[in-house]
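Undergrad: kindly return the folded structure for what I paste below:
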Amino acid sequence: MYAAYAAPEDYAVYGSGMIPDEEIDKRLRAASRHIDALTFNRIIGKGFEFLTEFQQELVKEAVCLQADFEYENADEIDTVLSSYSINGVSAQFGEGWNMMVQNGIAMRKDTYELLKQTGLTCRVNRRWHP
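TA: Predicted coordinates:
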């Protein structure tokens, strides 16, 4: 079974606490899969245990922040619409000043910047060594 890169104990440190206990494991697993997409599967390819301690901490924090983001914005993320307008009131979900979409994954820009510090998000196709 696919294991999340962050545990409920990590969520208690890095998360907001808004995710109900019965959903934490599922949300952390989903966020970890999204982190894999953003890191081009480098973590799962080499193994989380082979990351440096610094990289592991950043990944755990990014997973918890992403889980919070996805939980809080689940309705908007799950919709196929990027924007709509009814009677002059509009809503939009897409890239903005504080969020981005990369590899089909919506994420806060500050969380992505945190993840970039691991060195695992580089698009250059080169052999990666932890």
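Undergrad: distance of residue 25 relative to residue 67?
TA: Separation of residue 25 from residue 67 (Cβ to Cβ, to the nearest Å): 10 Å. Backbone N, C-alpha and C define where each C-beta goes, glycine included.
Undergrad: tell me the mean pLDDT over the longest helix along the chain?
TA: Longest helix in the chain, counting residues (DSSP state H): helix 53-72. Per-residue pLDDT over helix 53-72 has a mean of 97.
Undergrad: buried residues, that helix. List them.
TA: 55-56, 58-71 (16 or more other Cβ atoms under 10 Å).
Undergrad: off-centre distance for that helix?
TA: Chain-centre distance of helix 53-72: 6 Å, with Cα atoms, centre = their mean, to the nearest Å.
Undergrad: again with stretch 25-42
TA: 6 Å.
Undergrad: going by distance to residue 39, which of the buried residues of helix 53-72 wins?
TA: residue 59 (8.2 Å; Cβ to Cβ).
Undergrad: output the below-cut-off pLDDT ranges for this structure.
TA: Residue ranges of the chain with pLDDT under 70: 79-97, 125-130.
Undergrad: swap in 80 and give it another go.
TA: For the chain, the stretches with pLDDT under 80 are 1, 76-97, 124-130.
Undergrad: can you show me the strands along it?
TA: 83-86, 89-92, 99-102, 105-108 (DSSP state E).
Undergrad: farthest-separated two in the buried residues of helix 53-72?
TA: 55 and 71 (24.4 Å).
Undergrad: any idea how far residue 101 is from the residue nearest to residue 28 when sequence neighbours are not counted?
TA: With sequence-adjacent residues excluded and distances taken as Cβ to Cβ, 6 or more residues apart in numbering, residue 28 is closest to residue 4, at 3.9 Å. Look at residue 4 and residue 101: by Cβ to Cβ, they are 22 Å apart.
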